[in-house]
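# Only the shape, not the letters, is given here:
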């Protein structure tokens, strides 16, 4: 079969035919998936008419493509994660068919590549779908080729065969990732429930110790380096407790109501989570946090008797993101509710002791 798909007069001799055969036989051989992706694009790119080739995994939940492998004759780079509609590969996903586009006058995604090509080279983008067992697109083989490539039927047939083989490898890869994510989720849920039970079972009468335990547990669970409790002091706010050695944030640090950015919306009963602080979301973040390079945040209002007395917050720095927003939010809200209830109970107990002492006082009326 390979002798028909890759005859010597189409490619650069027997060695390439052997490489193609080895590449196809490597699927399902137990080699790491990363090795298969890289080996595939390197072999495809040796076909003389191919200028660049890459493999994308399609992520329908986030509407993104993840780059699995790239090989190019020239300096051409693709980010590890790209938005679906920022690359022409989205046509392959939407149509579930091979997509072709002439690159003459193309000034967006392929511009860095076309600028390096000789003036007489007429290049075309070709996208091949990698389909699941039920026919949905789970990935794309993308290529920039010289026009004469598509006039050779056996070239196209070869890519069809490789796409079919990649399908099984990509299905296995996705299944392994799903299993791994499920196990990680189960492990996180189990750990979170154990930590929450430990916090709620704490019988300490020292409220400061209790609050520090919550902050230490949160930074450990969520993998975020900064945890703090901001308290309302009159009309202003103060960082009463800080967990994490971050220069520029310290206990006792005060800031105004306007600077706090704790609007009525952000102090709703649910958590306020910003996974990736951008230009659009930065107005909702305190200026001194932005100056520190805070990249994501989780904040929850601590309410006692329906009054907001403070905010529990955890923060990531630089390019850090929250790993699982939905899962973290549920655990974080349970943690916030637990801390608020503990504070409320502590205040009630403290008030009861004061009343008891007043009754026993010889000076009481």
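Noted; the coordinates are in hand. Since the model is a prediction, treat every value here as computed from it, not as a measurement.
# use CA for all of it now, contacts and neighbours both
Noted.
# what's around residue 142, how many residues?
23 (other C-alpha atoms under 10 Å).
# Leaving out chain neighbours, which residue sits closest to it?
Spatially, and ignoring its direct neighbours in sequence, residue 142 is nearest to residue 127 (4.6 Å; C-alpha to C-alpha, 6 or more residues apart in numbering).
# Kindly report the same for residue 202.
residue 210 is the one closest to residue 202 (C-alpha to C-alpha, 6+ apart), at 7.6 Å.
# So which residues make contact with stretch 94-108?
89, 91-92, 110, 114, 122-129, 136-137 (C-alpha atoms under 8 Å, 6 or more residues apart in numbering).
# buried set for that stretch?
96, 98-100, 103 (16 or more other C-alpha atoms under 10 Å).
# quick one, what contacts the residue nearest to residue 202?
Residue 210 neighbours (C-alpha under 8 Å, 6+ apart): 199, 202, 204.
# repeat for residue 247
residue 292.
# and it, what are its phi and psi?
Dihedral angles of residue 247 (phi, psi; degrees, to the nearest 10) stand at phi -60, psi 130.
# distance of it from residue 161?
56 Å (C-alpha to C-alpha, to the nearest Å).
# Mind jotting down where the helices sit in the protein?
Using DSSP state H, the helices of the chain run over 2-5, 14-26, 33-44, 90-95, 111-114, 153-200, 207-222, 257-260, 287-291, 325-360.
# so which of the ones you listed comes closest to residue 251?
helix 207-222 (12.2 Å; C-alpha to C-alpha).
# Between its first and last residues, what's the separation in stretch 280-300?
With C-alpha to C-alpha, one end of stretch 280-300 sits 21 Å from the other.
# for the record, mean pLDDT for it?
In this model, stretch 280-300 has a mean pLDDT of 90.
# per-residue confidence averaged over stretch 125-138?
On average, the pLDDT along stretch 125-138 is 85.
# That stretch: end-to-end distance?
Per C-alpha to C-alpha, the first residue of stretch 125-138 is 19 Å away from its last.
# Repeat that for stretch 215-235.
End to end - C-alpha to C-alpha - stretch 215-235 spans 24 Å.
# now that stretch: how far from the chain's centre is it?
Centroid displacement of stretch 215-235 relative to its chain, using C-alpha atoms, centre = their mean, to the nearest Å, is 22 Å.
# what do you get for stretch 160-169?
With C-alpha atoms, centre = their mean, you get 27 Å for stretch 160-169.
# repeat for stretch 77-95
Distance, centroid of stretch 77-95 to centroid of chain: 17 Å (C-alpha atoms, centre = their mean).
# on that earlier part again, confirm for me that the residue nearest to residue 142 is in contact with residue 143.
Yes. Using C-alpha atoms under 8 Å as the test, residue 127 is close enough to residue 143 to be in contact (6.4 Å).
# ok, residue 343 to residue 336 distance?
From residue 343 to residue 336 the distance is 11 Å (C-alpha to C-alpha).
# Show me which of those two is the more surrounded one.
A direct count of neighbours by other C-alpha under 10 Å for residue 343 and residue 336 places residue 336 higher, at 24 against 19.
# Identify all residues paired with the residue nearest to that one when sequence neighbours are not counted through a beta bridge.
Among residues not flanking residue 336 along the chain, residue 300 sits closest, at 6.2 Å (C-alpha to C-alpha, 6+ apart). Beta-bridge pairing of residue 300 under DSSP bridges involves residue 312.
# Nearest the geometric middle of this protein, what residue?
Compute the mean C-alpha point of the chain, and by C-alpha atoms, centre = their mean the closest residue is residue 323, 6.1 Å away.
# low-scoring stretches of this structure, by residue?
Applying pLDDT under 70 to the chain picks out residues 1-31, 104-107, 112-121, 150-156, 263-269, 348-365.
# coming back round to it: closest one of the contacts of stretch 94-108 to residue 292?
When those are compared against residue 292 (criterion: C-alpha to C-alpha), the nearest one is residue 110, at 36.0 Å.
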